[in-house]
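Asks: quick one, structure for this:
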Amino acid sequence: MLKHVFATLISGSLVLGAAAQAQEAITGAGATFPYPVYSQWADAYQDESGIGLNYQAIGSGGGIQQITAKTVTFGASDAPMEKEELDKNGLLQWPMVMGGVVAAFHVDGIDGSLNLDGPTLADIYQGKITSWNDPAIAELNPDADLPDTQITPVYRAEGSGTNFLFTHYLSQVSQDFADNVGEGKSVAWPTGVGAKANAGVASQIANTNGAIGYVEFAYAAQNDLSLVHLKNKAGEVVEPNMDSFMAAAANADWQNAPGMYLVLTNQPGDESWPITGASFILMHKQVQDVDAARQALEFFDWAYTNGNDMAQELDYVPMPENVADMVRDSWGEIKGPNGEVVWNQ
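Replies: Predicted coordinates:
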């Protein structure tokens with residue numbers, strides 16, 4: 001199963017089964033961050049139900065554009081929309097899964113990991129630190145033999161939620177970065193090389209000596225990339241893994257998040273990974289195709305109930321059961337053209 005998941009990562013789109021060719025297939029587009037787990041869920045769901053999923057992993061910005069234009073049944077974004085924006089566009093938003101964005105690097109002569117902190121990472125992405133033996137990096141890695149290799153920052157070339165999470169974090173830990181680059185799905189990077197989607201960034205890192213970039217954890221694992229260990233808000237250097245992702249996710253207070261808008265970067269706790277976030281689903285509250293909307297909700301319901309083990313195998317953090325129940329309750333807001341409730345729990 002995992003071979004199939006990772007074989008599809010580069011393609012950026014997922015079409016499963018004969019049912020996926022039919023007009024009534026579940027259609028979605030957006031974030032590449034959750035694509036590995038959506039792919040595995042889709043495989044299992046198609047085997048069980050016979051219903052396929054056509055999901056285009058084009059980035060969060062593209063997903064928001066497509067759901068706003070009503071060209072897909074659902075959009076997916078790692079950059080949550082604030083409640084005012086949701087209301088303006090008649091959208092409902094909920095978290096589907098959580099995971100970690102990691103900083104990966106490729107430097108010939110360095111095996112294993114390197115330690116960095118947020119301000120140093122921000123300076124790398126502003127072009128202020130340009131070689132791997134810079135004193136700021138050396139101070140954080142006193143036992144490493146660092147070469148004078150030039151640093152090549154790799155960034156997402158298109159609007160993406162991974163961009164949002166990474167720049168949101170860097171803006172929290174570096175006022176200089178916040179003032180000069182800022183946060184968002186798209187920013188004007190002052191230096192580096194752009195690549196498309198998580199898969200493209202991972203490939204660029206793997207093939208560039210001196211590169212550093214940010215990707216969802218599964219993409220780094222698939223490409224066997226070396227990973228940065230980051231100093232978190234508590235001042236502890238932590239490794240990116242399921243335990244540190246879960247430690248950060250434990251701080252999520254979904255009950256008191258208007259429109260379920262919540263960003264989990266730079267969370268407190270000795271074991272918390274500092275670049276953690278949720279991936280969100282977006283659907284219109286007023287739908288024209290009731291059957292398509294119901295099929296999508298049935299898939300998400302199935303994933304909440306049956307997909308947790310698959311998510312954890314890929315180092316994603318499943319949504320807690322009480323949050324899944326809260327989300328299901330919110331689906332009552334989705335109505336058909338005559339005001340009929342789409343989801344009957």
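
Asks: what residues are up against residue 105?
Replies: If you count contacts by Cβ atoms under 8 Å, 6 or more residues apart in numbering, residue 105 has them with 114, 205, 211, 212, 213, 225, 226, 227, 228. From N, CA and C alone the C-beta is placed, and that goes for glycine too.

Asks: again, but for residue 260
Replies: Counting by Cβ under 8 Å, 6+ apart, residue 260 touches 80, 93, 94, 95, 254, 280, 327, 330.

Asks: can you redo these as a markdown table with secondary structure and distance to residue 25?
Replies: Listed next are the contacts of residue 260 as a markdown table, based on DSSP: H, G, I helix; E, B strand; the rest coil; distance: Cβ to Cβ, whole Å:
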| residue | secondary structure | distance to residue 25 |
| --- | --- | --- |
| 80 | coil | 26 |
| 93 | strand | 23 |
| 94 | strand | 21 |
| 95 | strand | 24 |
| 254 | helix | 30 |
| 280 | strand | 22 |
| 327 | helix | 23 |
| 330 | helix | 24 |
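
Asks: of the contacts of residue 105, which is the nearest to residue 162?
Replies: Within those, distances to residue 162 taken as Cβ to Cβ reach their minimum at residue 213, with 10.1 Å.

Asks: which residue packs closest to that closest one, ignoring adjacent ones?
Replies: Ranked by Cβ to Cβ, 6 or more residues apart in numbering and with sequence neighbours excluded, the top spatial neighbour of residue 213 is residue 154, at 3.3 Å.

Asks: tell me where the stretch 51-200 of the chain has strands.
Replies: 53-57, 74-77, 91-106, 114-116, 152-156, 193-195 (DSSP state E, counting those that start in this stretch).

Asks: what lines up beside the first one in the sheet?
Replies: If I follow you right, that is strand 53-57. strand 13-15 (antiparallel), strand 26-30 (parallel) (DSSP bridges).

Asks: same question for the second one.
Replies: As defined by DSSP bridges, the strand partners of strand 74-77 come to strand 26-30 (parallel), strand 276-284 (antiparallel).

Asks: now find how far off-centre the first one is within its chain.
Replies: Just to be clear, that refers to strand 26-30. Here strand 26-30 shows a centroid-to-chain-centroid distance of 16 Å under the convention Cα atoms, centre = their mean, to the nearest Å.
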